[in-house]
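*Asks:* Here's a sequence, model it:
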Amino acid sequence: MLRAYVSLLDNDWDEYLVPAEFAYNNSVQASTGFTSFYLTNGQHPHTLLSLALEHSRPPTEPPAAHDFPHSFHE
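*Replies:* Okay, the predicted model is just below:
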């Protein structure tokens, strides 16, 4: 993953570790169908996009959307 972004001199690879880790942990894994963040914490991390979408949603959400993560966590 880092190979695509690191310079030819290989002197800036450490700058890409945190974004690479976030991207990997926030991607859906084929074996589980969930992200590592969701399996570890029971929720997805907040990103700029998720925060923007949260403000554009109606204030009430369907009960099934709220109950599924809680039942999965239990």
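*Asks:* Low-confidence ranges, the protein, go.
*Replies:* Along the chain, the parts satisfying pLDDT under 70 run over 55-66, 68-74.
*Asks:* one more time with 90
*Replies:* Counting by pLDDT under 90, the chain has low-confidence residues at 1-27, 29, 32, 36-37, 40-74.
*Asks:* Can you tell me the centre-most residue of it?
*Replies:* Taking CA atoms, centre = their mean as the criterion, residue 26 is the residue nearest the geometric centre of the chain, at 2.8 Å.
*Asks:* so what's that residue up against?
*Replies:* Counting by CB atoms under 8 Å, 6 or more residues apart in numbering, residue 26 touches 35, 36, 37, 44, 45, 47. C-beta: built from backbone N, CA, C; applies to glycine.
*Asks:* Residue 38 contacts residue 44, doesn't it?
*Replies:* Yes. Under the criterion of CB atoms under 8 Å, residue 38 makes contact with residue 44 at 5.7 Å.
*Asks:* between those two, which one's more packed in?
*Replies:* residue 38 (20 against 13; other CB atoms under 10 Å).
*Asks:* where does that one fall, phi/psi-wise?
*Replies:* Dihedral pair for residue 38: phi -70, psi -40, per degrees, to the nearest 10.
*Asks:* Over to residue 28?
*Replies:* Dihedral pair for residue 28: phi -70, psi 130, per degrees, to the nearest 10.
*Asks:* Compute the number of surrounding residues for it.
*Replies:* Residue 28: 10 neighbours (other CB under 10 Å).
*Asks:* ditto for residue 6
*Replies:* Neighbours around residue 6, by other CB under 10 Å: 15.
*Asks:* With adjacent residues omitted, what lies nearest to residue 1?
*Replies:* Leaving out its chain neighbours, the residue that sits closest to residue 1 by CB to CB, 6 or more residues apart in numbering is residue 20, at 5.1 Å.
*Asks:* I am assuming the one you found contacts residue 2, so please confirm or correct that.
*Replies:* Yes. Between residue 20 and residue 2 there is a contact under CB under 8 Å: 5.9 Å.
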